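K.L.:
Predicted structure and sequence below. I'll ask about it afterward.
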Amino acid sequence: MSKNKLVFIISFVLIFSVAISAGAATLVETVKPEIGDIRNFKKVTGSVEALKTINLPAELNGIVKQVNVEIGDEVEQGDELLVFNKDQLLIQIKLAEASLEMSRANYEQVKNGATVEELQRAEASYQQAVRSYEGAKENLQLMEELFNNKIALKQQLSGAASQLASAEKQLQKAEEGYKQAKNNFDQSQREYERMQYLYQEEVVTEKQFELAKSQYQNAKSGLNTAEISREQAKIAYQTAQNNYELTESTFNNPTQLKQQLASAQNQVRVAESSMHVAKAALEQTKKGARKEQIQASLAQVKQAEASLEQAKLRLEDATIKSPLSGIIAAVNIDEGEMIGAGQPVITVIEINEVYVAVDVTADIMVKLNKGDSVKVNIENMPGDLTGKVSNISPVTDPRSKAYPVKIRLANKENNIKPGMFAEVSFIKEFAENTLLIPITAVESLDQNPYVYLVENDKAVKKDVELGIRNDQYIEILTGVQAGDTVVSRGQSQLNTGDEVEVK
């Protein structure tokens with residue numbers, strides 16, 4: 001075949017192939033723009049907090065008698081959580097009741113005037129109150145002497161410790177002396193028995209045998225003496241140990257003594273008050289009452305009533321009850337402990353609803369309103385939950401420089417626990433009734449974006465202005481109209497005017 005003919009054939013094939021390619025349509029997929037809503041979310045991480053956290057303090061000083069709950073227990077509102085020893089409080093109520101009764105009787109006497117019998121009774125009451133006061137003072141003096149003797153007890157404890165240490169050393173020394181004496185005795189006994197045998201066999205002289213016998217007797221005597229010394233050292237050590245334990249027990253257990261001192265002090269105050277009341281009653285009975293005295297007597301009645309009411313309230317305070325239905329989060333006290341007023345003892349939390357606390361930036365805060373619904377994802381829990389914005393701080397947190405926000409979540413099963421991490425999705429941008437197309441239909445998203453429309457089976461390039469976008473859709477502000485046919489797949493190889501075939 002000639003060279004010219006070969007070139008002609010190749011040229012013909014190329015021209016024919018180009019012609020066929022030019023006439024082929026590009027296969028594409030298309031969509032119609034939709035009118036709908038679009039949202040763009042911003043996710044913020046926060047943590048779960050209890051709906052309510054109440055740290056219950058002790059309302060009075062005292063010894064805890066009973067703790068009825070442990071960490072994790074579910075409680076109902078009004079359940080008894082902790083009970084103090086009530087003995088002293090019950091005594092105070094009785095004393096307050098007696099004082100009130102006396103004050104009321106005094107008021108009636110002042111108001112109505114006294115008879116001879118009433119005057120006698122007033123005198124007797126006063127004398128009895130004086131005796132009670134003197135007895136209370138004597139008892140207080142005794143308790144103070146006992147209580148203040150702690151210094152002497154401390155010195156005794158130190159002395160007892162020294163005596164115990166000394167006795168222990170003496171016992172060790174006596175044990176060592178006994179061991180040495182026992183070794184000497186065993187050695188001399190063996191030598192004596194050997195010399196006795198040799199003497200009987202006439203191997204050694206009588207003098208040698210007598211010397212061995214004397215050494216054996218001396219060693220036996222020394223062993224007896226060492227044994228007696230050891231027993232004496234044991235007795236001395238046991239005595240010193242018992243003395244130290246007794247002194248230590250007395251020194252380290254001041255609770256009962258302290259309670260008795262407090263009780264004695266209170267009895268003196270009550271007895272003194274009762275004595276003054278009785279004395280005033282006697283004087284008023286003798287003198288007869290003026291109007292202002294009657295008013296003062298009535299005031300004493302009211303004061304006594306208030307004292308009784310206060311004593312009853314203190315008795316109520318001796319039982320700590322749960323202020324809400326919830327879960328015990330902390331127990332900071334054990335039975336038998338002495339605690340002071342104001343000391344936190346039990347923490348109760350309510351988590352049938354919880355808060356998710358987050359810090360949001362200004363761009364989110366300005367679009368956020370109380371009551372807005374938001375999506376919340378809790379760590380290690382499947383799916384999203386819906387919560388409502390309940391609190392929006394108007395000022396930034398000094399540390400995070402963001403605005404604290406709280407979202408309230410239902411938690412009926414108590415599965416969500418305080419301290420868990422949570423992710424909250426806030427709406428960053430939002431548009432309603434706007435034109436939307438799949439985001440995959442847009443080419444050159446971030447610079448000179450455009451799409452291809454299908455008009456008369458041909459591709460037409462359209463520049464577009466974009467609005468809000470999310471993972472699936474994008475808002476079209478200009479360039480596309482409702483009803484247009486937009487290429488959603490296959491557009492990357494298109495040019496304006498290309499013929500297309502829609503799948």
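P.N.:
Arrived safely.
K.L.:
As a check, name the ranges of all strands in the stretch 351-500 of the chain.
P.N.:
With strands called from DSSP state E, counting those that start in this stretch, the stretch 351-500 of the chain shows them at 373-378, 385-392, 403-410, 421-438, 450-455, 458-463, 465-469, 473-478, 486-489, 500-502.
K.L.:
Give me the buried positions along the fifth one.
P.N.:
Same thing as strand 450-455. Neighbour counts over strand 450-455 (16 or more other CB atoms under 10 Å) mark Val451, Tyr452, Leu453, Val454 as buried. (C-beta placed from N, C-alpha, C; glycine too.)
K.L.:
next one: the first one
P.N.:
Of the residues in strand 373-378, those buried by neighbour count under the rule 16+ other CB under 10 Å are Val374, Lys375, Val376, Asn377, Ile378.
K.L.:
same deal with the third one?
P.N.:
With burial defined by 16+ other CB under 10 Å, the residues of strand 403-410 counted as buried are Tyr403, Pro404, Val405, Lys406, Ile407, Arg408, Leu409.
K.L.:
go on, the second one?
P.N.:
When burial is assessed from 16+ other CB under 10 Å, strand 385-392 yields the following buried residues: Leu385, Gly387, Val389, Ser390.
K.L.:
elements contacting that strand?
P.N.:
Where contact means 3 or more CB pairs under 8 Å, 6 or more residues apart in numbering; DSSP states H and E, strand 385-392 is packed against strand 344-360, strand 373-378, strand 403-410.
K.L.:
I'd like to know which of the ones you listed lies nearest to Asp471.
P.N.:
Proximity to Asp471 (CB to CB) singles out strand 373-378 among the helices and strands packed on strand 385-392, at 14.4 Å.
K.L.:
and Leu51, what pLDDT?
P.N.:
Looking at Leu51, its pLDDT stands at 93.
K.L.:
how near is it to Lys287?
P.N.:
Distance, Leu51 to Lys287, using CB to CB, to the nearest Å: 64 Å.
K.L.:
Please apply the same query to Ile294.
P.N.:
For Ile294, the distance to Lys287 (CB to CB) stands at 12 Å.
K.L.:
which of the two has more neighbours?
P.N.:
Using other CB atoms under 10 Å, the more surrounded residue of Ile294 and Lys287 is Ile294, with 15 against 11.
K.L.:
So the more buried one belongs to a helix, correct?
P.N.:
Yes: according to DSSP: H, G, I helix; E, B strand; the rest coil, Ile294 belongs to a helix.
K.L.:
which residues touch it?
P.N.:
Taking CB atoms under 8 Å, 6 or more residues apart in numbering, we find Ile294 in contact with Tyr107, Val110, Lys111.
K.L.:
Can I get the helices and strands packed on strand 385-392 in CSV including mean pLDDT and distance to Gly135?
P.N.:
Converted to CSV, the helices and strands packed on strand 385-392 look like this (pLDDT from 0 to 100; distance: least, CB to CB, whole Å):
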stretch, mean pLDDT, distance to Gly135
strand 344-360, 94, 37
strand 373-378, 94, 67
strand 403-410, 95, 62
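K.L.:
any chance of those in JSON lines, with distance to Pro394 too?
P.N.:
Below are those laid out as JSON lines (distance: least, CB to CB, whole Å):
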{"stretch": "strand 344-360", "distance to Pro394": "13"}
{"stretch": "strand 373-378", "distance to Pro394": "19"}
{"stretch": "strand 403-410", "distance to Pro394": "8"}
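K.L.:
Ok, which of those comes nearest Ser214?
P.N.:
With CB to CB as the yardstick, what comes closest out of the helices and strands packed on strand 385-392 is strand 344-360 (78.2 Å).
K.L.:
Lowest-confidence entry in the contacts of Ile294?
P.N.:
Among the contacts of Ile294, Val110 carries the lowest pLDDT, at 72.
K.L.:
burial measure for that one, as a count.
P.N.:
24.
K.L.:
With distance to Glu245 as extra columns, can I get the strands of the stretch 351-500 of the chain in CSV?
P.N.:
Below are those laid out as CSV (distance: least, CB to CB, whole Å):
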stretch, distance to Glu245
strand 373-378, 57
strand 385-392, 60
strand 403-410, 58
strand 421-438, 54
strand 450-455, 95
strand 458-463, 98
strand 465-469, 82
strand 473-478, 84
strand 486-489, 92
strand 500-502, 101
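K.L.:
Out of these, flag the one nearest Tyr237.
P.N.:
Across the strands of the stretch 351-500 of the chain, closest to Tyr237 is strand 421-438 (CB to CB), at 62.3 Å.
K.L.:
Dump the closest one to PDB, keeping only the CA atoms.
P.N.:
What follows is strand 421-438, C-alpha atoms only, in PDB (Å, rounded to 0.1, in the frame of the first residue of the first chain):
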ATOM      1  CA  PHE A 421     -19.900  15.300  78.600                       C
ATOM      2  CA  ALA A 422     -22.600  16.500  76.200                       C
ATOM      3  CA  GLU A 423     -22.600  18.000  72.700                       C
ATOM      4  CA  VAL A 424     -25.200  20.600  71.900                       C
ATOM      5  CA  SER A 425     -26.200  21.700  68.400                       C
ATOM      6  CA  PHE A 426     -27.100  25.300  68.100                       C
ATOM      7  CA  ILE A 427     -28.600  26.900  64.900                       C
ATOM      8  CA  LYS A 428     -26.000  29.200  63.500                       C
ATOM      9  CA  GLU A 429     -27.900  30.200  60.400                       C
ATOM     10  CA  PHE A 430     -31.500  29.700  59.400                       C
ATOM     11  CA  ALA A 431     -33.700  30.500  56.300                       C
ATOM     12  CA  GLU A 432     -37.300  29.700  55.700                       C
ATOM     13  CA  ASN A 433     -39.200  29.100  52.400                       C
ATOM     14  CA  THR A 434     -36.000  29.500  50.300                       C
ATOM     15  CA  LEU A 435     -34.700  27.900  47.100                       C
ATOM     16  CA  LEU A 436     -32.600  24.800  47.800                       C
ATOM     17  CA  ILE A 437     -30.600  22.500  45.600                       C
ATOM     18  CA  PRO A 438     -28.200  19.600  46.500                       C
END
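K.L.:
Pull up the pairing partners for it, direction included.
P.N.:
If you go by DSSP bridges, strand 421-438 pairs up with strand 34-57 (antiparallel), strand 373-378 (antiparallel), strand 473-478 (antiparallel).
K.L.:
Which one, of the ones you listed, ends up nearest to Gln267?
P.N.:
strand 34-57 (27.8 Å).
K.L.:
Quickly run through the sheet partners of the following helix or strand past the closest one, with directions.
P.N.:
Per DSSP states H and E, the first helix or strand lying C-terminal to strand 34-57 is strand 62-67. Neighbouring strands of strand 62-67 in its sheet, by DSSP bridges, are strand 80-84 (antiparallel), strand 338-339 (antiparallel).
K.L.:
As a markdown table, those with mean neighbour count and distance to Ala124 would be great.
P.N.:
Below are the strands paired with strand 62-67 laid out as a markdown table (neighbours: other CB atoms under 10 Å; distance: least, CB to CB, whole Å):
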| stretch | mean neighbour count | distance to Ala124 |
| --- | --- | --- |
| strand 80-84 | 19 | 37 |
| strand 338-339 | 17 | 41 |
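K.L.:
Quickly, which of the ones you listed bottoms out on average pLDDT?
P.N.:
strand 338-339 (a mean of 89).
K.L.:
For Glu80, see how far away Ser400 is.
P.N.:
Counting by CB to CB - Ser400 and Glu80 are separated by 42 Å.
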